[in-house]
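# got a predicted structure plus its sequence, pasted below:
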Amino acid sequence: MLVTGAALLTMVILFGIFFFLISDGVRVFGKISLREFFLSTRWYPTYEDAEFGILALLSGTLAVTGLTLLISIPLGFISAIFLAEFGNRKTHDFLKYVFELTAGIPSVVLGSFGLKYISKWLMDLFPMKVWTGLNILNASLMLSVLAIPYFVTLIEDALKAVPVDQKEASLALGANMTSTLFRVLIPQARSGILNAIILGTNRIIGETMVVLMIAGGATMIPQSIFDPVRPLTAAIAGEMGEVELASTHYFALFMIGVVLLMISLIFTVTAMRLKRGMRR
Amino acid sequence: MKSFVTVFVLLMLVGTAFGSTLVIKGSNTVYPVAQLWAEAYKEINPDAEISIEGAGSSTGIKALFNGQTDIANSSRWIKSSEIEQMNKEGKYFIPFIVAYDGIAIVVNKSLEIENITVQQLYDIYSGKVTTWNQIDSSLPKVRIVPLSRDNASGTFEYFVEHVMKGEKLAPQVQQLASTRAEVEQVMQNRYAIGYIGMGYITEDVKALTVENIEPTVANVNSGAYPISRPLFMFVDATNGLPTGVTGDFLRFALSPEGQSAVLSVGYVNAYGIE
Amino acid sequence: MIIDRMAKIVFGIISYLLVTIILLIVGFLILSGLDDINLEFLTSFPRNSMTEGGIWPSILGTVYFLSIALLFSVPVGILAAVYLSEYSKENRLQRLVLTANNILAGIPSVVFGMFGLSLFSITFGFGTSVIAGGLTLGIMSLPYIISNTHESLVAVPKSYREASMALGANKAETTFKIVIPASSSRILTGVIIAIGRIIGETAPLLFTGAAFYITRNPSSPFEPAMALPTHIFVLSAIYPDNVTPKLEGSVSVLLIIVVALFMSVAIRRRRESRKMEG
């Protein structure tokens, strides 16, 4: 029936995405060895003697993601706790509205903001350390703006999902709200929180425009948060428009897409497994 | 829901098609002048419809092969692999030089340097030289911040071929998505250096002389300025020289009026201006 | 208790601080572009290397892309959600569909862009066109519409369905005439949120649908169009400083639209919860 067809279409689309990306992506290994692709830091796709190593790009993704998580998880956590347990109705609605709105801010807008303002601000603030304004820190700050609302919403949901009687029992026994929070609610919401972290990380890894515009674009392995990097998504977005169809470069970019696809697959499935565990 | 569909259909009908669209694709460097020409051309020929896309020189040439564009903008010469493909498919593309673009080397206004040599540029971008005092001992021992376009750009290709002689850029060279980002970074960062098309020079940055030649229109025209390149529009001439709107548009671009417009975008005219 | 008070204050300050920073950024971006927004800006084509004129083709293009995206994802999404909530049992197939949907939701936008390029632009031969870009955006918005609609349908009390069947309606009639209308408000809210999310997407359109400049708006879905987010990207990337005012104006317009969309969502939600309380 039509309804089943629509549902199956979802699976068809998913399969299609994997198929198209993988079939074009693996063709890169006709010219490049697996070892070079994954372990070399030299990414020079447009030269006569081209090299296709994604290690530096991967390290860029990891660096930006790591710093973003470091910034946004604690902040998101605190806000989620506040929303779930401490706020009154009006506060709650207002804050929630702002966080939801933030998740809708187009990343290209944040990118142009970081380009123009954060870059200058960073260089003015830390002239000794910051040798270029487009770096991991800049990108992570802007990414945090996108990531925090995500964490806030998901963690708040996780906290709210803990059965109310748990909370009430603890309070009835004389514990105050704070220790109830830390000793009862959060441990009980453990897998929901983990789920939130996993999904949020997935979202950050997949971000494109922000890192394209402000992460720095240097294909190098960073040594500090003030170094510029070039994450995987930025490389694709920057080079896809110019690449020649069915060239090694084209296949290499698709292979990067496969890598991203696999990463998001692992994260999503892990989160789903966790959620199922939570129900039991 | 119904009103939404009505509005949608009406909006779709608002655009009507008179004649066919001239499609132009390719280099982002050539794009600003192509857009200005499109505007001016449409004023003279109101029935003309033109669509321009960027993305890069290779995309334009690729589209020429696929028959998806009438004109391919390119900031580089056609590659040998593309010539091979031309021969294989029995096609014949011809280039029109539509303008010249000098590559300007820019630094922050507070940096006390006025000139640079091509060799020094090579040293900086290949990573052999990393601090400013190595270029000029009167400059402080601070890390040089070399900026570049990313490898989708024809400007990048030209720089690699003519300044770097094919040598690969050092890993710490930042490949930025746009010339504008380069300019802004140079404005903000006292120790940055970048290469940009002459048209992007603003009074907020300092353009160096290269081998003691200033990046001016006259110097590019006379060939004195060492790093400048022609900008091309390629067309498919397999069946003869371009006719119709394509031919007319090109004629306009190369006319004195069109070439004067080149100057207003910051490039250098290839032919006489009015 | 003191510690509770302290916790509340500290957490509250941090939360409000975050919110304030965000609002400041958004407010700043909207305000700095406001003086460039006038009727001419909204209704005319860019002129003079984008230093004059307006962003009408970008606005219209965005509407076109969104329309095609929604024309695909709303019907398919609702039907798929109906399958999940009304027509399937808790079996393997249902779990597979749910899993597929979740995975789709987590895929990065560039990957969708590459898929759209590979499938719609190249294999189907649509090239750079409204339909290629629109379908790509449609696929991106599908998972969210499915999960939101699913939640909305499940929230409709069982009694509605039972009553309808008891009165002699079959499953299809029950679903489409009773259950869906009952949850329509929430479904619509979900669609608005989906719009809010994809209206700012740049990467997928860059590869599949967006032109940098066109002299007239597309007369068919098989031609390229301009779009607000790609226009913003092009302005900040390709043109030198003298286009700054247009850039700020475009950013302003896009942000205002996003703020308006989410405000309408918040208002709808308020109305919903008041209805339930009343």
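Looks like it came in fine. Residues are numbered from 1 along each chain as shown, chains lettered A, B, ... in the order given.
# going forward, measure contacts between C-alpha atoms and count neighbours the same way
Will do.
# enumerate the residues of the stretch 1-150 of chain B near chain A.
B:55-59, B:62, B:143, B:145, B:150 (CA under 8 Å from any CA of the partner chain).
# list the contacts of B:Thr21.
Contacts for B:Thr21 were tallied using CA atoms under 8 Å, 6 or more residues apart in numbering or on different chains; they are B:48-51.
# quick revisit: tell me the one among the residues of the stretch 1-150 of chain B next to chain A nearest to chain C.
Taking CA to the nearest CA as the measure, chain C lies nearest B:Ala55 of these, at 8.5 Å.
# quick one: the helices in chain A, in order.
A:2-25, A:34-39, A:55-81, A:89-103, A:107-113, A:119-125, A:136-160, A:164-172, A:177-180, A:186-188, A:190-205, A:209-214, A:232-239, A:248-279 (DSSP state H).
# list the buried residues in the shortest one.
Residues of helix A:186-188 classed as buried: A:186, A:188 (neighbour count, 16 or more other CA atoms under 10 Å in any protein chain shown).
# and for the fourth one?
Applying a neighbour-count criterion of 16+ other CA under 10 Å, the buried positions in helix A:89-103 are A:93, A:95-103.
# any idea which of the helices of chain A gets closest to C:Leu70?
Between C:Leu70 and the helices of chain A, the tightest spacing by CA to CA is seen for helix A:2-25, at 14.7 Å.
# now the angle from that closest one to helix A:248-279?
Angle, helix A:2-25 to helix A:248-279, by axes from the mean of the first three to the mean of the last three CA atoms, to 10 degrees: 130 degrees.
# circling back: can you say which of the helices of chain A is packed in most?
helix A:209-214 (a mean of 29; mean count of other CA atoms under 10 Å in any protein chain shown).
# quick one: stretch A:147-160 near chain C?
No. Residues of stretch A:147-160 contacting chain C under CA under 8 Å from any CA: none, with a closest distance of 9.1 Å.
# take the helices of chain A and lay them out in CSV including distance to C:Pro218 and mean pLDDT.
Listed next are the helices of chain A as CSV, based on distance: least, CA to CA, whole Å; pLDDT from 0 to 100:
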stretch, distance to C:Pro218, mean pLDDT
helix A:2-25, 28, 88
helix A:34-39, 41, 89
helix A:55-81, 38, 93
helix A:89-103, 31, 85
helix A:107-113, 24, 88
helix A:119-125, 38, 88
helix A:136-160, 33, 91
helix A:164-172, 56, 79
helix A:177-180, 59, 75
helix A:186-188, 54, 81
helix A:190-205, 33, 89
helix A:209-214, 26, 91
helix A:232-239, 25, 90
helix A:248-279, 29, 87
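# can you tell me which of these comes nearest to C:Gly12?
Comparing the helices of chain A under CA to CA, the one sitting nearest is helix A:55-81, at 7.5 Å.
# the closest one close to chain C?
Yes. Applying CA under 8 Å from any CA, one finds helix A:55-81 touching chain C at A:75, A:78-79, A:81.
# now do the contacts for the most centrally placed residue in chain C.
What sits nearest the mean C-alpha location of chain C, by CA atoms, centre = their mean, is C:Ile195, with 2.1 Å. Counting by CA under 8 Å, 6+ apart, C:Ile195 touches C:Leu66.
# give the burial count for the residue nearest to C:Gly53 when sequence neighbours are not counted, as a bare number.
Excluding the flanking residues, the one nearest C:Gly53 by CA to CA, 6 or more residues apart in numbering or on different chains is C:Pro46, at 4.4 Å. Number of residues near C:Pro46 (other CA atoms under 10 Å in any protein chain shown) recorded here: 22.
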